[in-house]
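Return a 3D structure for these sequence lines:
(one chain, ligands or ions: 1)
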Amino acid sequence: MSLQITCPHCGTRPIEEFTYGEIPHVPETLTDLDARDVDRAFMLANPEGETTEAWFHVYGCRRWLKLKRDTKLDRIVE
Ligand SMILES: [Zn+2]
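Down below sits the predicted model:
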């Protein structure tokens with residue numbers, strides 16, 4: 001069974017209805033525009049353990065939601 005996400009508007013839905021998304025933080029020390037684009041595209045933090053993520057309900061209400069997920073266990077915490 002795939003991971004389920006509880007949308008506050010639509011209820012519990014399969015993860016396939018959502019897309020992960022977040023505006024990545026680019027360090028202020030990077031001033032070169034090309035370097036900032038590379039950092040934004042490829043230098044993802046990918047933390048291990050509990051993290052707060054933003055997900056967009058593409059095939060539902062088309063709203064953003066935040067959730068806590070344990071990336072090590074691939075489990076939604078709340
Ligand atoms: Zn929804």
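
What are the contacting residues of the helix or strand where residue 35 lies?
Assigned by DSSP states H and E, residue 35 falls within helix 33-42. Contacts with helix 33-42, where a contact means CB atoms under 8 Å, 6 or more residues apart in numbering, come from 24, 26-27, 30. Quick note: C-beta positions are derived from backbone N, CA and C, even for glycine.

what would those residues look like in CSV with pLDDT, distance to the ion and secondary structure?
Shown next, in CSV, are the contacts of helix 33-42 (pLDDT from 0 to 100; distance: CB to the ion, whole Å; DSSP: H, G, I helix; E, B strand; the rest coil):
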residue, pLDDT, distance to the ion, secondary structure
24, 72, 23, coil
26, 79, 29, coil
27, 81, 33, coil
30, 85, 35, coil
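
what element comes up after the helix or strand bottoming out on mean pLDDT in the chain heading to the C-terminus?
None of the helices or strands of the chain scores lower by mean pLDDT, DSSP states H and E than helix 33-42, at a mean of 84. Next along the chain after helix 33-42, taking DSSP H and E as the criterion, comes strand 50-57.

so what strands line up beside that next one?
Strand pairing for strand 50-57, determined by DSSP bridges: strand 18-20 (antiparallel), strand 64-70 (antiparallel).

And it, what's buried?
55-57 (16 or more other CB atoms under 10 Å).

who's in contact with it?
Strand 50-57 is contacted from outside by 5, 7, 9-10, 13, 17-22, 62-71, 77, using CB under 8 Å, 6+ apart.
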